[in-house]
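J.: pasted the sequence and its predicted model underneath.
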Amino acid sequence: MQTYKTFLKIALKNIPSIISYFIIFAIIAIMSTSQSEENEKLIYQDEAIKFTVFNRDGSKTGEAIKECLSEKNKYVEIEDNEETIRVALYYRDIYYAVVVPEGFEEAIKNGEDMELMNYKVPDSAMGYYMDLTLESYAKTLKGYVAAGYSIDEANDEAIETLKNTVEVNLLSDVESDKTIGNPMFGATDDKPSIYYFYQYVPYIFLAIMISGVGPIMITFGKSDIRKRVAVSSQSFKSYSAQMFLGVVTCGLALLALFNILAMILYAENISFAGIVSYVIITACLLAVSMGITYLGGNLFNKTATMGAFSNVVSLGFSFLGGIFVPLEFFGATMKNIARFTPTYWYVRANEAITGIKSFADINMEEFALACGVQLLFAVAFFSIGLAVSKYKREAA
């Protein structure tokens, strides 16, 4: 086991740099967790827009418009003066001002068209939103009047109609009218904190494994060391097995560190089934990370090159696989490309176990598929790395 012992000795010398990577990435993960959770909860939350209404018509319709807009927004009383309005818009005391012109209600009664006037912050999303709300109200009001309702009844009905809303939830992923994720809990934008922690683990694992263990592989891959091993009594099979064991040992230490950290941070929000499931998906991800590290260590000869390889792989897989950009924002073409990355399948596995309380809650078919594909990626990377190692050994 001389090769294995030497591997661990070199790894122990690199512990300070590996620990620094762990601390930095752990802090980033924790910060990203809290920030992502907060942002996710606010995705579909309405924001009250400050507005005012000038009822120059003095009609009940003008008051009804005020009541309708006040349902989800904040009414602000200001003087009906153009200069005052412009100052209020400039300082964002209001974002929108509606002017109900004289004769507006009478025009509605007679089925005539009369536009509502408005002032708004130029090119603002809030202004366009209020435009749409007013347009919807006016069309609804005219529809009720045309149906024979009195103007007072039409206003009441229009307000009630626009109060009806549809609950919107963020789907984890939709493909061919089938939700990808845990159907036990439906589609939701309120995921537990631990979901976000594990969502960023692929980037951390790939970066630490390739940057921390890769240089050790390069050290063993130097020409003089390869030649010395080649003339030794140690077989290629034994040498490869010990190198593989060294990579696995470092990987298991990393796996334990992050899962222990997660259990400490989120102990109150995770069940036993959740713990086991997260260990499984991170173990599959670790296998992929080790495979890529083993391949890179045999493929490259310089530590600097390995560092560049680490950045390309960790960032590339994170962006393409749905780590940094949620899969639900991907188009059909991007999703097809993402399927060729192991991180895509990791995200699907993470979605399949979100919020589970027991093993019966797991979307087992989705979970097994996602984990199985990751393991196939790992086997592929290890096989290519082994082939490269054998080629270099024979060339030596």
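T.: Arrived safely. Since the structure is predicted, the reported quantities are computational estimates derived from the model, not experimental observations.

J.: count of residues packed around residue 78?
T.: Using other CB atoms under 10 Å, residue 78 is surrounded by 16 other residues. All C-beta spots, glycine's among them, are computed from the backbone N, C-alpha and C.

J.: swap that for residue 232, sorry
T.: Here the neighbour count serves as a burial measure; for residue 232 (other CB under 10 Å) it reads 12.

J.: equivalent analysis for residue 303, please.
T.: Going by other CB under 10 Å, the residues that sit close to residue 303 add up to 13.

J.: ok, now the one 10 residues further on?
T.: By the measure other CB under 10 Å, the count of residues near residue 313 is 22.

J.: give me the element it is part of.
T.: In this structure, residue 313 is located in helix 303-320 according to DSSP states H and E.

J.: same for that helix, what does it pack against?
T.: Where contact means 3 or more CB pairs under 8 Å, 6 or more residues apart in numbering; DSSP states H and E, helix 303-320 is packed against helix 201-208, helix 214-220, helix 272-299, helix 332-338, helix 342-352.

J.: distance between the last one and the chain's centre?
T.: Going back to what we said before, that points to helix 342-352. Centroid separation for helix 342-352 versus its chain: 12 Å, with CA atoms, centre = their mean, to the nearest Å.

J.: could you dump that helix to PDB, C-alpha only?
T.: Coordinates of each C-alpha in helix 342-352 appear next as PDB, following Å, rounded to 0.1, in the frame of the first residue of the first chain:
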ATOM      1  CA  PRO A 342     -24.400  15.200 -14.300                       C
ATOM      2  CA  THR A 343     -25.500  18.300 -12.300                       C
ATOM      3  CA  TYR A 344     -28.800  18.300 -14.200                       C
ATOM      4  CA  TRP A 345     -29.600  14.800 -12.800                       C
ATOM      5  CA  TYR A 346     -28.400  15.900  -9.400                       C
ATOM      6  CA  VAL A 347     -30.900  18.800  -9.400                       C
ATOM      7  CA  ARG A 348     -33.700  16.400 -10.400                       C
ATOM      8  CA  ALA A 349     -32.700  14.100  -7.500                       C
ATOM      9  CA  ASN A 350     -32.800  17.100  -5.100                       C
ATOM     10  CA  GLU A 351     -36.200  18.100  -6.400                       C
ATOM     11  CA  ALA A 352     -37.500  14.500  -5.900                       C
END
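
J.: what packs against the next helix-or-strand element following that helix?
T.: Note on helix 342-352: by DSSP H and E, the next helix or strand toward the C-terminus is helix 364-395. Here helix 364-395 is seen to pack against helix 223-230, helix 236-265, helix 272-299, helix 342-352 when contacts are counted using 3+ CB pairs under 8 Å, 6+ apart.

J.: can you rerun that using 6 Å?
T.: With contacts defined as 3 or more CB pairs under 6 Å, 6 or more residues apart in numbering; DSSP states H and E, helix 364-395 has these neighbours: helix 272-299, helix 342-352.

J.: now the phi/psi pair for the residue most central in space within the chain, please.
T.: Closest residue to the average C-alpha location of the chain: residue 326 at 3.8 Å, with CA atoms, centre = their mean. Main-chain dihedrals, residue 326, degrees, to the nearest 10: phi -60, psi 140.

J.: domain assignment for this protein?
T.: Structural domains annotated on the chain: 2-42+174-395, 50-163, as defined by automatic domain parsing.

J.: residue 101 and residue 144, how far apart?
T.: Taking CB to CB, to the nearest Å as the measure, residue 101 and residue 144 are separated by 21 Å.

J.: now the angle from the helix holding residue 313 to helix 201-208?
T.: Between helix 303-320 and helix 201-208, the angle formed by their directions is 170 degrees, by axes from the mean of the first three to the mean of the last three CA atoms, to 10 degrees.
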